[in-house]
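*Asks:* Just a sequence and a predicted model for now, questions to come.
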Amino acid sequence: MEIKSEVSNLSNLCPECEGNTISVQEKGEIVCRQCGLVISERIVDVSHSDKRAFTKQEKERRERTGSPISILLPDMGLSTVIDKNNIQSPDLKRAAKWNSRMTWDKRNMLIATTELKRIGSNLNLPNHVKKAAIRLYIEAFKKKLLRGRSINGMVAACLYFACRERKIPRTLQEILDQTSVNAKNVRRCYRTIIRELNLKAPSTNPISLIPRFVAELSLDAETEKTTINILQSFVTKYSTSGKDPKGLCAGALYLVCKKRDKRISQKEIANIVGVTEVTLRSRYKELVNKLNIEI
């Protein structure tokens with residue numbers, strides 16, 4: 001109370017020129033309007049016990065409105081949880097019993113969001129990719145595309161589509177390694193959501209995968225730059241539809257390593273990239289022939 005009275009007395013008149021004062025909320029100061037004397041500075045905000053807020057916008061942002069709403073929560077974080085401990089009323093006991101029984105829709109979304117967050121965390125995917133994937137899953141669920149299909153398979157397909165749409169360098173094999181569903185079911189779910197939801201299948205740019213493979217192979221920056229230039233020349237001149245982007249990456253990396261006399265075998269590159277040695281050699285020969293590169 002003493003602080004409030006002191007602040008109110010200081011905010012009336014200036015002790016030097018007895019002029020009117022003004023409160024600078026951004027700095028927490030009280031300044032004379034006439035002579036510019038700083039009467040008080042670093043004023044402690046004692047109006048509430050939360051974080052300090054000096055402007056109206058900051059006060060609106062820091063209002064207490066509960067936990068944030070997120071689409072990654074199965075019920076948007078708006079569900080009601082009734083504590084079953086020390087319930088005396090029989091009506092409340094009945095309500096708590098029925099509250100614990102989930103419908104199939106809620107159970108489905110709970111399983112899907114849990115699986116999606118698990119895969120996203122293991123692959124270090126950003127939140128905007130996970131949110132886009134769960135929005136796509138909700139749309140597929142509303143159109144009843146889950147009938148006869150696995151929940152985990154549909155989640156993996158939605159997550160793969162979101163990664164390709166937002167240019168995140170994650171391959172289908174990496175997502176399959178984090179789930180128990182086989183590749184055939186995931187590909188079937190992927191084709192279903194593209195066909196039924198009228199989506200345009202985005203293509204994966206092989207150039208976006210090069211930095212990660214270069215780091216895993218412990219190669220230098222010059223090798224990375226040369227590999228990107230070769231792939232850029234190939235992509236601009238020829239179509240890459242129907243070709244695995246990982247195969248192009250493996251062929252380009254082997255080509256650059258061979259030109260720069262890097263002692264890295266085909267097997268090592270194929271294992272890191274995730275393709276077979278036959279695919280690596282095929283893409284290697286294609287790059288050499290079409291770009292007229294001398295080895």
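*Replies:* That came through fine.
*Asks:* Residue 32 reaches residue 17, doesn't it?
*Replies:* Yes. Assessed by CB atoms under 8 Å, residue 32 is found in contact with residue 17 at 6.6 Å. Just so you know, the C-beta spots here come from the backbone N, C-alpha and C atoms, and that holds for glycine as well.
*Asks:* Of the two, which one has the most company?
*Replies:* Taking neighbours as other CB atoms under 10 Å, residue 32 and residue 17 compare with residue 32 leading, 19 against 13.
*Asks:* Please name the nearest non-neighbouring residue to that one.
*Replies:* With sequence-adjacent residues excluded and distances taken as CB to CB, 6 or more residues apart in numbering, residue 32 is closest to residue 14, at 3.8 Å.
*Asks:* from memory that neighbour sits against residue 36, does it?
*Replies:* No. Counting by CB under 8 Å, residue 14 stays clear of residue 36, with 9.5 Å between them.
*Asks:* between the two, which one's more packed in?
*Replies:* The neighbour comparison of residue 14 against residue 36 (other CB under 10 Å) goes to residue 14, with 19 against 11.
*Asks:* Dihedrals phi and psi, the more buried one?
*Replies:* phi -80, psi 130 (degrees, to the nearest 10).
*Asks:* helices or strands up against the helix or strand harbouring residue 212?
*Replies:* In this structure, residue 212 sits in helix 210-216 according to DSSP states H and E. Judged by 3 or more CB pairs under 8 Å, 6 or more residues apart in numbering; DSSP states H and E, helix 210-216 is in contact with helix 221-237, helix 245-259, helix 266-273.
*Asks:* Show the average pLDDT along that helix.
*Replies:* The average of the pLDDT scores along helix 210-216 is 90.
*Asks:* which residues are in contact with that helix?
*Replies:* For helix 210-216, contacts defined as CB atoms under 8 Å, 6 or more residues apart in numbering pick out 169, 223, 224, 227, 228, 231, 249, 252, 253, 272, 273.
*Asks:* who wins for neighbours among the residues you listed?
*Replies:* Neighbour max across the contacts of helix 210-216 (other CB under 10 Å) = residue 253, 30 neighbours.
*Asks:* re earlier: distance to residue 128 and pLDDT added to the contacts of helix 210-216, as a markdown table?
*Replies:* Shown next, in a markdown table, are these (distance: CB to CB, whole Å; pLDDT from 0 to 100):
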| residue | distance to residue 128 | pLDDT |
| --- | --- | --- |
| 169 | 15 | 84 |
| 223 | 31 | 89 |
| 224 | 26 | 90 |
| 227 | 28 | 91 |
| 228 | 25 | 91 |
| 231 | 27 | 91 |
| 249 | 25 | 91 |
| 252 | 30 | 91 |
| 253 | 30 | 92 |
| 272 | 28 | 89 |
| 273 | 27 | 89 |
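*Asks:* So which of those residues is the closest to residue 283?
*Replies:* Set against residue 283, the nearest of those by CB to CB is residue 252 (7.6 Å).
*Asks:* Am I right that the closest one is in contact with residue 225?
*Replies:* No. Residue 252 is beyond contact range of residue 225, at 11.9 Å (criterion: CB under 8 Å).
*Asks:* quick one, what contacts the residue nearest to residue 32?
*Replies:* By CB under 8 Å, 6+ apart, the residues touching residue 14 are 20, 21, 32, 33, 34, 35, 37, 39.
*Asks:* any low-confidence regions in the stretch 51-200 of the chain?
*Replies:* Of all residues in the stretch 51-200 of the chain, those with pLDDT under 70 make up the ranges 51-53, 59-68, 75-83, 99-102.
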